[in-house]
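Visitor: Okay, predicted coordinates and the sequence, questions at the end:
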Amino acid sequence: MRILIIGGVAGGASAAARARRLSEDAEIVIFERGEHVSFANCGLPYHIGGVIKEREKLIVQTPEALNRRLRIKVYVKTEAIKIDRAQKNLIVKDLINGKESTEPYDYLVLSPGAEPIKPIMPGLDLPQVMTLRNLSDMDRIKSTVDLNKTKKVIVVGGGYIGLEMAEALRERGLEVVIIELSDQVMGPADPEMAYYLHQELKKQGVEVKFGVSVKGFYQAGQGVVAELSDGQNMDCDLVILAIGVKPEISLAKEAGLEIGQRGGIAVNEQMSTNDPAIFAVGDAIEVDEFVTRTKVLIPLAGPANRQGRIAADNIFGRNSVYKKTQGTAICKLFDLTIGLTGVNEKILKRMNLVYEKIYIHANNHAGYYPGAAPMSMKLLFDPKSGKILGAQAVGREGVDKRIDVLAVALRAGMTVYDLEHLELCYAPPYGSAKDPVNFLGFAASNMLRGDVMICHSDDTTNTGPEKIILDVRSPKETQAGMVPGAVNIPIDDLRDRVNQLSKDKEYIVYCQGGLRGYLACRILTQHGFKCRNLSGGYQTYKASRGI
């Protein structure tokens, strides 16, 4: 059996390694257009920033190592230019000498990845305008920063790569401006969770221009002028295009393979294309999203690795399937971390799906143990079944642990009621006896059981005379800001002052983070008052309003 693999890195290299573990007899060949067959592309910004000192640490496998240990043939700087499906041949071109050759196959695995989006505009060919996809791109950016007198950088796009590059370049002491067309960075997160990233960027001296796009770049001496859609011209020494990526499908499309509705190669759950001899994996394919069952593009290394393994399994007759994707991801931004899993509220709204949400603010470990750091968490769930739909968290420490737990819970089909009973490891340096994940379960379950009614930031506007906003924080806390029109009665005084309240009114109650608001609602409800607790309290209110 002869298996040809187009592209290395995560998906292709994983498929090749798995295929060898399943068969000592198969001939396995990888064709890689770039210089390196397997490298840690997620680590590229960290070498530019100086966190990863040695470039060699980013090289996962070399052609020599793959051949020595796994007897896998690797041809780098070799581009696949045509697939002849009828004859089961692959035409490849040696990019060094220009020679073409015909390679027969029994099975073909496509792992071409994704390419940076480059909108049509003037100046993209300027030497100061760069993208980051591979080690060569990394070397080019790093040498420009190292050798030139680079002082100011424009990063176009506030997604994963844009944020990681902004951090890396700022850590190098450069002035950094992010140009972001939408009203938030980190598109997969909801706006009120991205708010904390905006605050961190401001704190670290990174300027962000929202609602603005770039119309073109123009040479200005040794630097570049970016013409922005708001009419402003901005000077800089270097531009990083990080608008996003799109599947690299040209080879598949020319071969007549089916392309999906989102622009990726269409595959089934076995990673097979519409040609049973051709499989496809990684950033170039469409997959089913776990919650909504819709087609999505997920350019993440974890899914690509699993897909490569699954493709190899099925080539050798094992019925291995890809069980959809949750889009679980995490990103470091200076002192903050944001993590997420499942769908966000924007998607649920767009699809007109029924959902509910709650927010909590909790420490990553016991508050009395030194170094406790706050986390802000959001949970999306089905209001009928309590089934988890998605989760997001932002904080200095402990975000990865909680999102991993919630990702497993979502994958397992667990509900918010199950979160109440999760038994998670606890010692003061690591967590609390009631973990933040448990608290998410408590808050959501209390709402579903009818122990408390909740509301959100939008419910605090246009309340009318029949609704009163009640702030139950201490007077000192209110000095830092209040919801407009709110009345302050500290929770410790509430029982003694209920005679000041009217049972003809509905009370929207809030505290700083939500817990005291819940306790106040329990008091009021048992005294016969109508009330709702503002989920996440004043902290989430501020984030929702961008205050």
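Guide: Yes, it's here.
Visitor: For the stretch 51-200 of the chain, which segments count as strands?
Guide: Ranges of strands in the stretch 51-200 of the chain, per DSSP state E, counting those that start in this stretch, are 59-61, 73-76, 78-84, 89-94, 100-104, 107-110, 114-116, 129-130, 152-156, 175-180.
Visitor: The residue nearest to E79 when sequence neighbours are not counted: neighbour count?
Guide: Nearest non-adjacent residue to E79, counting by C-beta to C-beta, 6 or more residues apart in numbering: R33, 4.5 Å away. Quick note: C-beta positions are derived from backbone N, CA and C, even for glycine. Per other C-beta atoms under 10 Å, the neighbour tally for R33 reads 21.
Visitor: what's the answer for the one 5 residues further on, then?
Guide: A total of 23 residues lie near S38 under the criterion other C-beta under 10 Å.
Visitor: Contact partners for the nearest residue to N364 once chain neighbours are set aside?
Guide: Residue nearest to N364 in three dimensions, not counting chain neighbours: G398, with 3.0 Å by C-beta to C-beta, 6+ apart. Each residue near G398 by C-beta atoms under 8 Å, 6 or more residues apart in numbering is listed here: N364, H365, A373, M375, G431, P436.
Visitor: From F334, how far out is the closest residue to the third one other than its chain neighbours?
Guide: By that I understand A373. Using C-beta to C-beta, 6+ apart and skipping the chain neighbours, the partner closest in space to A373 is R396 (3.9 Å). Relative to F334, R396 is positioned 10 Å away (C-beta to C-beta, to the nearest Å).
Visitor: same question, K378
Guide: Taking C-beta to C-beta, one finds K378 at 21 Å from F334.
Visitor: Which one's more surrounded, those two?
Guide: Comparing K378 with F334 by other C-beta under 10 Å, the one with more neighbours is K378, at 25 against 18.
Visitor: just checking, that one touches Y359?
Guide: Yes. Between K378 and Y359 there is a contact under C-beta atoms under 8 Å: 5.3 Å.
Visitor: Need the overlap of contacts for these two.
Guide: In terms of C-beta under 8 Å, 6+ apart, K378 and Y359 are both contacted by the residues G536.
Visitor: So for stretch 213-228, mean pLDDT?
Guide: In this model, stretch 213-228 has a mean pLDDT of 95.
Visitor: Tell me the gap between that stretch and the middle of its chain.
Guide: 29 Å (C-alpha atoms, centre = their mean, to the nearest Å).
Visitor: which residues sit against it?
Guide: Contacts to stretch 213-228, defined as C-beta under 8 Å, 6+ apart, come from residues 121-124, 126, 128-129, 148, 154, 156, 179, 181, 209, 212, 229, 233-239.
Visitor: which among those end up buried?
Guide: 123, 128-129, 154, 156, 179, 209, 212, 234, 236-239 (16 or more other C-beta atoms under 10 Å).
Visitor: Can you give me every residue that contacts G514?
Guide: Per C-beta under 8 Å, 6+ apart, neighbours of G514: Y359, I360, H361, A443, N533, L534, S535, G536, G537, T540.
Visitor: which ones among the residues you listed are found in strands?
Guide: Among the contacts of G514, the residues falling in strands (DSSP state E) are Y359, I360, H361, N533, L534.
Visitor: Tell me which two of the residues you listed sit farthest apart.
Guide: Maximum pairwise distance in those, criterion C-beta to C-beta, is 13.6 Å, between H361 and N533.
Visitor: So for the two, which sits in the more crowded spot?
Guide: The neighbour comparison of H361 against N533 (other C-beta under 10 Å) goes to N533, with 30 against 19.
Visitor: For that one, name its beta-bridge partners.
Guide: For N533, the beta-bridge partners under DSSP bridges are I454, V509.
Visitor: cool, V224 as well?
Guide: Under the criterion used (DSSP bridges), V224 bridges to Q219, C236.
Visitor: Check the one 4 residues further on too.
Guide: Each beta-bridge partner of L228 is listed here: V214, as defined by DSSP bridges.
Visitor: gap between it and F529?
Guide: 52 Å.
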